[in-house]
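> test case, fold it:
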Amino acid sequence: MKSAIFITLFACFSALAFSATIYVPDNHATIQGAIDAAAAGDEIIVRSGTYVENIDFAGKAITVKSELGAGVTTIDGNQSGSVVTFQLGEGADSVLDGFTITNGLRDVHPDNYGGGILCRDSSSPTIMNNIVTQNVADGGGGICCYSSSGPTIINNRVSNNTASGPFDGNGGGILCHDSSATTITDNIITENIARDGAGICCWISSDVVISNNKISLNTTDGTASYGGGIYCISSMVVIGENRIDANWASSGGGITCDNCDPRIENNFITNNTAWSGGGILCGYNSAPVIDGNLFSRNSATVHHGGGIKCGQSSSPPFIVNNAFYWNSALNRGGAIYCGSSSPRIVNNTMSQNSAEVGGAIACKNAQALIVNSIAWDNIAPIGPEFHNDFSTIVVKYSDVKGGWAGTGNIDADPLLVYGHLTINSPCRDSGSNAAPNLPDWDYDGDPRIENGTVDMGADEFAAHLFLAGDVIPGNTVELTVTGVPNQSVLLLQSTSIQDPPTYTQRGDWYLDQPLTSSVYLPPIRPNGFMDVTITVPATWSSGETYYFQALVGPWWGPNNTYTRLTNLMVLTVE
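Predicted structure coming up:
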């Protein structure tokens, strides 16, 4: 018995003994020296300073972490190859955390990928909390995932990197190439340069999830270049909950997809510029699902499609639940241009877009179906709302200024406030529940059919809580609640969310209790809106997250059936 206990204790203490913390430069002068000495499970802590070296994780399941963060801890590659390399099957427990990765150079074939960080040959590390900047490669200036099985790239700043190669699809910030499966989330990807995919490029059978990133000010440098923010070709891609802003390419300023069918959902696609397809270019043989996005102030400066350009495809793109405002095209299609394609355009709102031809939508050699949509106050000398050129446009159950022939169409002011329907809007309960690809949720995440019949446009009138402006401590933001006029509003706040949510008599209760606060707001105005200016507490810190909901309506009726719980609103401090 004593022997058995001794063996068990020895095994436990041995396991603990093999998990060590190694300090650089205390225990080893270089990071690579510490890696070479480390065993699986070890953590390498790197003191502040600049380390001029090129490191390789050598297949080890270890964490290499800066002591005080990327702002004061730099790995300088000295233009001698990739700064950091994963190439021997590293998994998620191989972690790079909290460094400035800079001055990497990979531009000699065949070792011409991943100037800052290279993940290849089935490696799938975790890359987090780093600043990846001023690196150069032919492909993947900042980060390259090449035949890698599942890297996670999270909470990094990838900026000012260059992919200088002459070939297509080279990815200035991040390149996912040759069947790479990659998750890219919560990053800032900005001011990168490449021929194609200046921010992110997904190339050749890659499987990529791109979510909750800020992708801005990335620029392609070719006269025939694609995807200033994101370029997807022959890959499976999901693009969701991102801010894609102020990127440039000759085609597809925000996003370009070629020969693939990405899901592009719930993004802010704004201020992007291209000669064609200011916001999105749906290129050859692409049929994406474009659902729940805001397209605002995108511009096609030479040709067509300020918001979206749909090119030649045998399958129809689905453009559903989107809002288009202030997009412009020099030639055709301020919001959407359809050329040699057959898109399904369902429950979109298009207003204040402009073009020479077709202020909202222009079609040429196309077959477009437009259902449950609003086209109002768009601007064009020819066809202010829609223009049909050698095309078949079928419009049903839509509100078109100036009128358009078709079943269920109307010509009446939609009475929009902040792009949302008011309670008296003629578009309420006026759509068709039989529309193809009718989604379950609207642009705001409310149930798509709230009162038996679907509304026209991107917004379904429902009790809802939303915010205008950035959340900056000490500044003010405009909070808006929609609901039935004259109803009371109770604003609720918590620091966390229940998961799964708990059912209550007023609906699904998401906020964790106890609540941080509950405040009565003024009643909802006759148009179904209530606005109030809120001061962001000076005690809130950057990066912190706060959760809000509102209870709208009187607290009476059978099981409080007249009370509505709004959507969950998540505020992250800038």
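
> how far away is the closest residue to Asp531 other than its chain neighbours from Gln487?
Leaving aside its sequence neighbours, Asp531 sits nearest to Thr480 (Cβ to Cβ, 6 or more residues apart in numbering; 5.2 Å). C-betas here are computed from N, CA, C, even on glycine. Here Thr480 is placed at a distance of 14 Å from Gln487 (Cβ to Cβ, to the nearest Å).

> pick out whichever of those two has more residues nearby.
For Thr480 versus Gln487, neighbours defined as other Cβ atoms under 10 Å are more numerous around Gln487 (19 against 16).

> in a helix, that's where the more buried one is, yeah?
No - going by DSSP: H, G, I helix; E, B strand; the rest coil, the assignment for Gln487 is coil, not a helix.

> run a quick neighbour tally on the closest residue to it other than its chain neighbours.
Computed as Cβ to Cβ, 6+ apart, the closest residue to Gln487 that is not its neighbour in sequence is Gly553, at 4.6 Å. The number of residues packed near Gly553 is 23, by other Cβ under 10 Å.

> Gly553 and Cys260: what is the separation?
Look at Gly553 and Cys260: by Cβ to Cβ, they are 45 Å apart.

> also Ser216?
Distance, Ser216 to Cys260, by Cβ to Cβ: 23 Å.

> try Asn112
24 Å.

> now swap in Ser48 and tell me
Counting by Cβ to Cβ - Ser48 and Cys260 are separated by 43 Å.

> the more surrounded of those two?
Applying other Cβ under 10 Å to Ser48 and Cys260 shows that Cys260 carries more neighbours, namely 20 against 12.

> how about the more buried one, secondary structure?
Strictly by three-state DSSP, Cys260 counts as coil.

> next: the one 4 residues further on.
Secondary structure state of Ile264, per three-state DSSP, is strand.

> show me what contacts the residue nearest the centre of the chain?
Geometric centre of the chain, nearest residue: Asn242, 1.8 Å, by Cα atoms, centre = their mean. By Cβ atoms under 8 Å, 6 or more residues apart in numbering, the residues touching Asn242 are Ile210, Ser211, Asn212, Asn213, Lys214, Ile215, Asn267, Phe268.

> same check, this time on Val471
Listed by Cβ under 8 Å, 6+ apart, the contact set of Val471 reads Val477, Val536, Trp540, Leu571, Thr572, Val573, Glu574.

> now, of these, which are buried?
Buried members of the contacts of Val471, scored by 16 or more other Cβ atoms under 10 Å, are Val477, Val536, Trp540, Leu571, Val573.

> isn't the second one up against Asp470?
No - Val536 is not in contact with Asp470 according to Cβ atoms under 8 Å; the separation is 9.1 Å.

> need the overlap of contacts for the two.
Residues touching both Val536 and Asp470 (Cβ under 8 Å, 6+ apart): Val477.

> let me see the ranges of the strands in the stretch 451-574 of the chain.
Secondary structure of the stretch 451-574 of the chain by DSSP state E, counting those that start in this stretch: the strands cover 464-468, 476-482, 489-494, 497-504, 507-511, 517-521, 529-535, 545-552, 564-565, 569-572.

> turn the ones you listed into CSV, columns for mean pLDDT and distance to Ser80.
Listed next are these as CSV, based on pLDDT from 0 to 100; distance: least, Cβ to Cβ, whole Å:
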stretch, mean pLDDT, distance to Ser80
strand 464-468, 86, 48
strand 476-482, 91, 48
strand 489-494, 91, 51
strand 497-504, 76, 47
strand 507-511, 77, 51
strand 517-521, 90, 55
strand 529-535, 91, 52
strand 545-552, 89, 40
strand 564-565, 82, 58
strand 569-572, 86, 39
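
> of all these, which lies closest to Cys119?
Evaluated over those, closeness to Cys119 peaks at strand 569-572, with 28.1 Å, by Cβ to Cβ.

> next, the nearest residue to Tyr397 once chain neighbours are set aside: secondary structure please.
Among residues not flanking Tyr397 along the chain, Gly408 sits closest, at 3.7 Å (Cβ to Cβ, 6+ apart). Under three-state DSSP, the three-state class of Gly408 is coil.

> following element in sequence after the lowest-mean-pLDDT helix or strand in the chain, please.
Scoring the helices and strands of the chain by mean pLDDT, DSSP states H and E places helix 2-18 at the bottom, with a mean of 42. Downstream of helix 2-18, the next assigned helix or strand under DSSP states H and E is strand 21-24.

> beta partners of Ile264?
The partner list for Ile264 in beta bridges (DSSP bridges) reads Ile239, Ile290.

> go on, Ile370?
Ile345, Val395.

> quick one: it from Asn433, how far?
16 Å.

> who has more neighbours, these two?
Remark: of Ile370 and Asn433, Ile370 carries more neighbours, 29 against 12, as counted by other Cβ under 10 Å.

> what sits against the more buried one?
Taking Cβ under 8 Å, 6+ apart as the criterion, Ile370 is in contact with Ile345, Val346, Ile361, Phe386, Ile393, Val394, Val395, Lys396, Ser398.

> show me what contacts the nearest residue to Ser354 once chain neighbours are set aside?
In space, and not counting its chain neighbours, Ser354 is closest to Ile379: 4.0 Å by Cβ to Cβ, 6+ apart. With contact taken as Cβ under 8 Å, 6+ apart, Ile379 is in contact with Gly334, Gln352, Asn353, Ser354, Ala355, Gly359.

> could I get the residues you listed as TSV with distance to Ile35 and secondary structure?
Converted to TSV, the contacts of Ile379 look like this (distance: Cβ to Cβ, whole Å; DSSP: H, G, I helix; E, B strand; the rest coil):
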residue	distance to Ile35	secondary structure
Gly334	55	coil
Gln352	56	coil
Asn353	54	coil
Ser354	57	strand
Ala355	57	strand
Gly359	59	coil
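
> out of the residues you listed, who's nearest Ile497?
Proximity of these to Ile497 (Cβ to Cβ) peaks at Gln352, which lies at 35.6 Å.

> measure the closest one to Ala360 for me?
From Gln352 across to Ala360, the span is 10 Å (Cβ to Cβ).

> mind checking how far stretch 478-488 is from the chain centre?
Remark: stretch 478-488 is offset 28 Å from the chain centroid, using Cα atoms, centre = their mean, to the nearest Å.

> name the residues of that stretch that are buried.
Neighbour counts over stretch 478-488 (16+ other Cβ under 10 Å) mark Leu479, Thr480, Val481, Thr482, Gly483, Val484, Gln487, Ser488 as buried.
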